[in-house]
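Chemist: using only what follows, build the 3D model:
(one chain, ligands or ions: 1)
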Amino acid sequence: MTLLDGKKTSEAIQDEIAAEVTALKADGSKIPHLAAILVGNDGGSVTYVNNKVLACERVGFVSSLFHYEDTITEEDLLNKIKELNEDEEVDGFIVQLPLPKHIDTEKVLEAVDPKKDVDGFHPINVGRMVAGLPAYLPATPAGILQLLQRYEIETFGKHCVVVGRSNIVGSPMSILMSKNASPGNCTVTLCHRYTQDLAYHTRQADIVIVAVGIPGLITEDMVKEGAVVIDVGTTRVPDASRKSGFRLRGDVDFDAVAPKCSYITPVPGGVGPLTIAMLLKNTLSASKKEVYA
Ligand SMILES: Nc1nc(=O)c2c([nH]1)NC[C@@H]1CN(c3ccc(C(=O)N[C@@H](CCC(=O)O)C(=O)O)cc3)C=[N+]21
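Modeler: Numbering: from 1, shown residues only. A predicted model of the protein is given here:
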């Protein structure tokens with residue numbers, strides 16, 4: 001069993017980005033600038049946004065954070081997005097999800113200029129991805145592709161079972177794994193909350209990718225011997241022995257499943273850090289105008 005070290009892989013990608021930034025600085029080009037809008041104080045969201053700011057500093061990007069109370073009106077949020085769309089200093093920005101209930105998330109995501117949508121959540125980028133056109137890929141699926149590629153895991157002709165159909169992870173992951181690309185060319189099964197006999201499907205899988213947010217959902221009996229298991233879940237569960245009062249748990253019962261796997265991602269230190277690295281990579285692409293002229 002080989003552990004897929006997301007932290008190490010993320011650091012390698014960030015080193016590559018940092019080297020490019022050094023070169024950009026040397027020839028007097030613009031330094032990539034990533035902005036983030038955070039609404040409210042959800043613990044996970046605050047952690048992620050803080051990690052993002054730290055990562056920007058590490059690779060030499062400029063970053064800015066706009067933090068609002070969860071009472072902000074939809075109109076004020078849309079005005080801020082308009083301002084960032086027009087700000088020529090800002091190459092890309094993200095609106096951290098989830099948003100408070102009184103705000104229409106679809107409307108907010110559609111307000112982001114697709115050229116600056118480094119999360120890849122705008123319907124234009126989603127559509128371009130599906131059509132195989134240049135697009136910003138959502139960071140978590142793109143990070144999983146990087147892990148598969150850098151560990152030279154064969155995907156050609158394999159059966160990939162994706163569990164979870166979210167717009168952010170499961171749905172785009174299933175599409176990317178089915179594409180005529182490398183990694184890709186899988187036969188894909190997409191399972192979700194109404195799937196009958198989930199274990200029947202996951203047992204067929206050469207590659208299992210789970211992104212549902214149910215700690216320990218995938219047990220030892222649900223995975224084939226030698227499978228590749230990618231765990232996207234990072235649920236905070238109470239843990240009195242920790243200073244923080246919680247620990248992160250994945251969707252996979254790691255201790256029981258790992259011995260059966262050829263490769264498996266840990267939580268934490270698996271997919272999560274790759275998400276940050278790929279957000280930076282999209283921002284670098286934005287500043288170099290690689291996706292949209
Ligand atoms: N607009 C938007 N874009 C996102 O990409 C987005 C979002 N909203 N909302 C929330 C989710 C969640 N997400 C994570 C990213 C990194 C880690 C990560 O780095 N996790 C570390 C541990 C971090 C810790 O110590 O808590 C790990 O798994 O090793 C986790 C979760 C991005 N999301």
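
Chemist: residues touching the residue of the stretch 151-293 of the chain found nearest the ligand, list them.
Modeler: With Cβ to the nearest ligand atom, the shortest gap between the stretch 151-293 of the chain and the ligand falls at Gly272, namely 2.3 Å. Where C-beta positions appear, they are placed from N, C-alpha and C, glycine not excepted. Gly272 sits next to 6, 234 when contact means Cβ atoms under 8 Å, 6 or more residues apart in numbering.

Chemist: how far off centre is the helix or strand that it is a member of?
Modeler: Gly272 belongs to helix 271-287 when elements are defined using DSSP states H and E. Relative to its parent chain, helix 271-287 has a centroid offset of 9 Å by Cα atoms, centre = their mean, to the nearest Å.

Chemist: so is the lowest-mean-pLDDT helix or strand in the chain next to the ligand?
Modeler: Using mean pLDDT, DSSP states H and E, helix 43-59 stands out as the lowest-scoring helix or strand of the chain, at a mean of 92. Yes. Using Cβ under 6 Å from any ligand atom, helix 43-59 comes into contact with the ligand via 45, 47-48, 51.

Chemist: next one: stretch 283-291
Modeler: No. Interface with the ligand: stretch 283-291 contributes nothing (Cβ under 6 Å from any ligand atom), its closest point being 12.5 Å away.

Chemist: could you work out the end-to-end span of that stretch for me?
Modeler: When the termini of stretch 283-291 are compared using Cα to Cα, to the nearest Å, they are 11 Å apart.

Chemist: so what pLDDT did the closest residue to Pro266 other than its chain neighbours get?
Modeler: Take Pro266 and drop its neighbours on the chain: the residue closest to it by Cβ to Cβ, 6 or more residues apart in numbering is Leu3, 6.0 Å away. The model reports Leu3 with a pLDDT of 98.

Chemist: do the one 3 residues further on as well
Modeler: At Gly6, the predicted lDDT confidence score is 98.
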